[in-house]
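>>> no sequence for this one, just the structure:
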């Protein structure tokens, strides 16, 4: 299998490398770039793409299909940003995360709670990459 991973977050890099190490017969190519009409050609000749919550339009599905892509794996729960009818018309299967794990759900809630506390200066801001869950930040949250 050949898969192209778009919008890879810095925290996902180690997981992608571990997966590739465990599956040496498969090809996993990654980029931090978003999946768009302009970047879709990067996936030419790949079986599948994986992406975060970019808008996936009919034009994008047509382009992916013309590049040979047969599957789009979403790294999130929701599909409201995906034109599922267009995916079906293009012959592309779409999969998503079935549910967030309890720890992941808790992190999301903490993120939402972090923003107002950050704005009033009670917690430090997220770093440039938006990473809130460094060990230091985890300790700050526990000790708050």
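Okay, I see it. Worth saying up front: this structure is predicted, and the values here are computed from it rather than measured. Residues are numbered from 1 along each chain as shown.

>>> quick one: residue 13 and residue 32 touch, right?
No - the criterion here is C-beta atoms under 8 Å, and residue 13 misses it with residue 32 at 9.2 Å. In short, each C-beta sits where N, CA and C put it, glycine included.

>>> which ones are touching residue 62?
By C-beta atoms under 8 Å, 6 or more residues apart in numbering, the residues touching residue 62 are 86, 90.

>>> any idea how far the spatially most central residue of the chain is from residue 84?
Nearest residue to the geometric centre of the chain (C-alpha atoms, centre = their mean): residue 52, 2.9 Å. Computed as C-beta to C-beta, to the nearest Å, the residue 52 to residue 84 distance reads 17 Å.

>>> for residue 61, see how far away residue 89 is.
From residue 89 over to residue 61 (counting by C-beta to C-beta), the distance is 7 Å.

>>> so what's the closest residue in space to residue 3 that isn't next to it in sequence bridging to?
Leaving aside its sequence neighbours, residue 3 sits nearest to residue 48 (C-beta to C-beta, 6 or more residues apart in numbering; 4.5 Å). Going by DSSP bridges, residue 48 is paired in beta bridges with residue 3, residue 71.

>>> how many neighbours does residue 48 have?
20 (other C-beta atoms under 10 Å).

>>> and residue 122, by the same measure?
11.

>>> before we move on, what SS does it have?
Taking DSSP: H, G, I helix; E, B strand; the rest coil as the rule, one finds residue 122 in the coil state.

>>> which of the residues in stretch 66-86 are buried?
The neighbour-count check on stretch 66-86 (16 or more other C-beta atoms under 10 Å) flags 67, 69, 71-72, 74-75, 82-83, 86 as buried.

>>> count the residues that sit near residue 30.
17.

>>> my bad, residue 56
23.

>>> enumerate every residue touching the closest residue to it other than its chain neighbours.
Nearest residue to residue 56, sequence neighbours excluded (C-beta to C-beta, 6+ apart): residue 82, at 4.5 Å. Neighbouring residues of residue 82 by C-beta under 8 Å, 6+ apart: 56, 72, 74, 94.
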